[in-house]
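[1] model this:
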Amino acid sequence: MKRSLRVRVGAVLLLCLTVITARAEEVSTRFRGLTLLGNLELAEGKGLESGVAVVVHGLLAHSGMEMIAALQKNLKSRGISTLAITLSLGVDGRTGFFDCGRLHAYRPMDALDEIDAWIGWLKNNGAAEIALIGHSQGGNHVAVYAAERNDPSVSAVVLMAPGTFDPARAAERYKARYGADIEPVLADAQARVRAGQAVERFPGIAFLSCENATVTAGSLVGWYGPEPRRHTPSILPRISARTLVVVAGADEVVPDLREAVEPLARDAGRRQGEIRVHTVDGADHFFRDLFVEDAADVIADWLKG
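    Reported below is the predicted structural model:
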């Protein structure tokens, strides 16, 4: 009896372990000497050939952060397979949130080539129809990628609370947060970039969400200098694939998003995909609590439509 019980318990544990393994699969690909990591979630009964959505996280985040993990889980239960990627930010095999103590030598548009690498990996593994989903800064990356690379395998684009950007406002926020002006440091960095010294380091400065960082001139200019493409509403009309913008109704990070994107909504036309805007009322920037389920409902229905 005891042996039979042990056998049954062992079988149950094996079954549970199999289910857990099937639920999440870490995958990787090589890119310019770095290992890029991602989390692949295949919906029940589906493979990559059935279609997959690439999910891109926000600023200094990663594929396993709570919001991304919850989104993958909810989309999977709705029949949508996803690959959530972790942008390297120059770190080999990066996991977890970016360590502020590391050298900050990455620029916003570096993400485009890594997204491209993952799309290549998906194609090599049998995927033919690919959607792109980006959250926050990842939404801006996805928007720029879709507009500029125009990969025919990308059939749909979803932007969740995508980033907006204005250099003057960024400088104001920097001063409010850190009690210092970014303009003199930025001007110095811009001069170094023009002189071909983009790798020159600026130690001990506040940068993005890090209070004490060492940053290259190129990275500093990339994140704080003028760059129209970083303002997602400006790039949105250039996307040819059908596009859904999911606005968080109580967004405290990009509160101006809704009024900026609603006038850009359009029906599909010649050489241009539709743009739809949906607001998840009450959701904060990270779609916490049950709001991620509401967002998943909207995204899944739209992708299947």
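[2] tell me how far stretch 88-103 is from the chain's mean position?
    In terms of CA atoms, centre = their mean, to the nearest Å, the centre of stretch 88-103 is set 15 Å apart from its chain centre.
[3] Between the two ends of that stretch, what distance do you get?
    End-to-end span of stretch 88-103 (CA to CA, to the nearest Å): 13 Å.
[4] Check stretch 42-56 too.
    17 Å.
[5] What segments of the stretch 201-305 of the chain are helices?
    All helices of the stretch 201-305 of the chain, identified by DSSP state H, counting those that start in this stretch, fall at 217-224, 232-235, 257-261, 291-304.
[6] As TSV, the ones you listed with distance to residue 29 would be great.
    All C-beta spots, glycine's among them, are computed from the backbone N, C-alpha and C. Compiled in TSV, the helices of the stretch 201-305 of the chain are given as follows (distance: least, CB to CB, whole Å):
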stretch	distance to residue 29
helix 217-224	24
helix 232-235	26
helix 257-261	32
helix 291-304	24
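[7] Which segments of the protein make up each domain?
    28-165+227-304, 168-224 (automatic domain parsing).
[8] Of those, flag the one that's most buried.
    Most buried of the domains of the chain, by mean neighbour count (mean count of other CB atoms under 10 Å): domain 28-165+227-304, with a mean of 19.
[9] Show the low-confidence segments of the stretch 51-200 of the chain, by residue range.
    Applying pLDDT under 70 to the stretch 51-200 of the chain flags no residue at all.
[10] so where do the helices sit in the stretch 51-200 of the chain?
    Going by DSSP H, counting those that start in this stretch, the stretch 51-200 of the chain shows helices at 66-77, 110-124, 137-149, 167-178, 183-194.
[11] Could you dump the helices of the stretch 201-305 of the chain into TSV with mean pLDDT added?
    Below are the helices of the stretch 201-305 of the chain laid out as TSV (pLDDT from 0 to 100):
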stretch	mean pLDDT
helix 217-224	98
helix 232-235	98
helix 257-261	97
helix 291-304	98
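[12] Relative to residue 194, which of the ones you listed is closest?
    Nearest to residue 194, of all those, is helix 217-224, at 9.5 Å by CB to CB.
[13] distance between the closest one and the chain's centre?
    The answer for helix 217-224 is 19 Å, by CA atoms, centre = their mean.
[14] next one: stretch 87-102
    14 Å.
[15] which residues sit against that stretch?
    28, 31, 33-37, 56-57, 60-62, 64-65, 86, 103-106, 110-111, 114, 138, 141, 209-213 (CB atoms under 8 Å, 6 or more residues apart in numbering).
[16] Now do that stretch: distance from first to last residue.
    Note: stretch 87-102 ends 15 Å apart using CA to CA.
[17] wait, residue 192 sits on residue 186?
    No - counting by CB atoms under 8 Å, residue 186 is not a contact partner of residue 192; they are 10.7 Å apart.
[18] Setting aside sequence neighbours, what's the nearest residue to residue 117?
    Closest residue to residue 117 apart from its sequence neighbours, by CB to CB, 6 or more residues apart in numbering: residue 31 at 4.5 Å.
[19] Look up which residues are beta-bridged to the one you found.
    Beta bridges link residue 31 to residue 34, judged by DSSP bridges.
[20] From residue 110, how far out is it?
    11 Å (CB to CB, to the nearest Å).
[21] do the same with residue 303
    Counting by CB to CB, the gap from residue 303 to residue 110 is 27 Å.
[22] With residue 79 instead?
    Counting by CB to CB, the gap from residue 79 to residue 110 is 33 Å.
[23] Quick one, grab the pLDDT at residue 19.
    With respect to pLDDT, residue 19 scores 39.
[24] repeat for the one 4 residues further on
    What the model reports for residue 23 is a pLDDT of 48.
[25] that older thread, for the helices of the stretch 51-200 of the chain, which one sits closest to residue 47?
    Closest of these to residue 47 is helix 110-124, at 11.3 Å (criterion: CB to CB).
[26] So which residues make contact with that closest one?
    Looking at what lies outside helix 110-124 - CB under 8 Å, 6+ apart - the contacts are 27, 29, 31-32, 36, 38, 48, 52, 54, 56, 83, 85, 87-90, 130, 132, 138, 141-142, 144-145, 148-149, 151, 153-154.
[27] could you redo the last one with a cut-off of 6 Å?
    29, 31, 54, 85, 87, 130, 141, 145 (CB atoms under 6 Å, 6 or more residues apart in numbering).
[28] Tell me what angle that helix forms with helix 137-149.
    Between the axes of helix 110-124 and helix 137-149, defined by axes from the mean of the first three to the mean of the last three CA atoms, to 10 degrees, the angle is 70 degrees.
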